[in-house]
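**Q** With the sequence up front, the predicted model follows.
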Amino acid sequence: MNALPDPRTLDLIPEQTVPVTVLTGFLGSGKTSLIRRLLALPQAADTAVIVNEFGEIGLDHLLIESVDENIVVLPGGCLCCQAQGDLARALRSLQDKVALGRIPPFARVIVETSGLAYPTAILQAFVSDPLRLSRYRLTGLVTVIDAVLGLGQIWRHETARAQLALADRLLVTKLDLTDERGRSRLMNELRRLSGVPIEAAATDAQLATQLFDMAPAVHQHLTSVATWHAAAFDSLVLRLSSPVDLHAFQAGIENLAHQRGESLLRLKAMADITGDDRPVSFHAVQHLVAPPRFLEAIPRTAPRVLVAIFMAGAGEDIRRDLRDVMVRAVEGVR
Ligand SMILES: Nc1nc2c(ncn2[C@@H]2O[C@H](COP(=O)(O)OP(=O)(O)OP(=O)(O)O)[C@@H](O)[C@H]2O)c(=O)[nH]1
């Protein structure tokens, strides 16, 4: 009988692990826009995406506007509350789909949390469940900060503070909407609040590096699972079964954001409009309203909905105003 080989002579071949970046940031900070840009870059072609949204109906996977099949949606809740099970299942399901030849192999994963996610439990899933997630390695947590609204959100919302505190890197968006003074105030304040590297703009040339190239995370605050959930916020989903008038709808959203921006944290909609075959996306983040955008690659069967997230106390006013906006948009009254 042959003797067993001397273990000292065996080469241990490390299994390749897939880097995972968790991308977080308060409602409307620009996470989906970053992923849309990332997926258009040749160097990010082999990236899989897991999207989690607050509320039952997710739009982000559609707004990414990629035909990529490597996008998994985790709707109906916040990953923060279900992280350990759902995230592990989503990561495993990506692997299984590759094994079955349903999707091409991927070299990295990006997990977009909902804007209301408290990221502790997501990070904890990697630390406390290493066996189930052994094929993956956490690269780090990137927190997206809105250059215009970010500081206010950090002051007002505990979730935004948690997202900042747990970050391994901050990525500032919407600098195009600030002036030099605002920008330098923001950077000084962020440096005061956080010791991690701050990327002052997400550039196409650097985006893949900014998202995937990080020092290994050492999160010391992961000893207790956050039991926080989204009690302070409420959401509303309206199905948009009729086409709307583009200009009337946009004007209604602008009006609403102007009047209720303090409590209307986020509004996004995908609607059919009169006079054009392409659906259009509409976005507001507090008082900021983006121009409407025609969507070229959306399946006909995708839901046409409006999703609004607001401070729970303001629900009644916002529901009433939104109904008004909808009636005018369908009737074409500005
Ligand atoms: N001007 C400007 N607008 C931006 C930038 N990044 C994102 N936006 C706009 O901000 C709005 C929100 O962007 P999203 O990418 O949907 O933000 P998000 O963080 O995914 O939003 P939630 O999923 O609701 O949390 C959209 O209207 C974007 O077009 C930026 O760098 N500059």
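**A** Good, I have the coordinates.

**Q** How about stretch 172-187 and the ligand, any contact?
**A** Yes: applying CB under 6 Å from any ligand atom, one finds stretch 172-187 in contact with the ligand at 173, 174, 176, 177. Where C-beta positions appear, they are placed from N, C-alpha and C, glycine not excepted.

**Q** I'd guessed the last one sits against residue 148; true?
**A** Yes: proximity of residue 177 to residue 148 meets the contact threshold set by CB atoms under 8 Å, at 5.1 Å.

**Q** who's more crowded, the two?
**A** Of the pair residue 177 and residue 148, residue 148 is the one with more neighbours under other CB atoms under 10 Å, namely 18 against 13.

**Q** which secondary structure element contains the more buried one?
**A** Secondary structure from DSSP states H and E places residue 148 outside every helix and strand.

**Q** mind listing what it touches?
**A** Applying CB atoms under 8 Å, 6 or more residues apart in numbering, we find residue 148 in contact with 174, 177, 178, 182, 288.

**Q** Ok, residue 29 next?
**A** Residue 29 makes contacts with 115, 144, 145, 146, 149, 150, 153, 173, 285, as judged by CB under 8 Å, 6+ apart.

**Q** how does it look with 7 Å?
**A** Shown in contact with residue 29 (CB atoms under 7 Å, 6 or more residues apart in numbering): 115, 144, 145, 146, 150, 173.

**Q** Reformat those as TSV; add secondary structure.
**A** TSV is the format used below for those (DSSP: H, G, I helix; E, B strand; the rest coil):
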residue	secondary structure
115	coil
144	strand
145	strand
146	strand
150	helix
173	strand
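
**Q** Quick check: of these, which lies closest to the ligand?
**A** residue 115 (2.8 Å; CB to the nearest ligand atom).

**Q** Hmm, the closest one is touching residue 30, no?
**A** No: if you go by CB atoms under 7 Å, residue 115 and residue 30 don't touch, sitting 10.2 Å apart.

**Q** So for those two, which sits in the more crowded spot?
**A** Higher neighbour count among residue 115 and residue 30: residue 115, with 28 against 22, using other CB under 10 Å.

**Q** Please report how far that one lies from residue 155.
**A** Using CB to CB, to the nearest Å, we find residue 115 at a distance of 16 Å from residue 155.

**Q** Neighbours of residue 154, how many?
**A** By the measure other CB under 10 Å, the count of residues near residue 154 is 22.

**Q** which SS state does it fall under?
**A** Following three-state DSSP, the label given to residue 154 is helix.

**Q** Surely residue 175 and residue 145 touch.
**A** No: judged on CB under 7 Å, residue 175 makes no contact with residue 145 at a distance of 10.2 Å.
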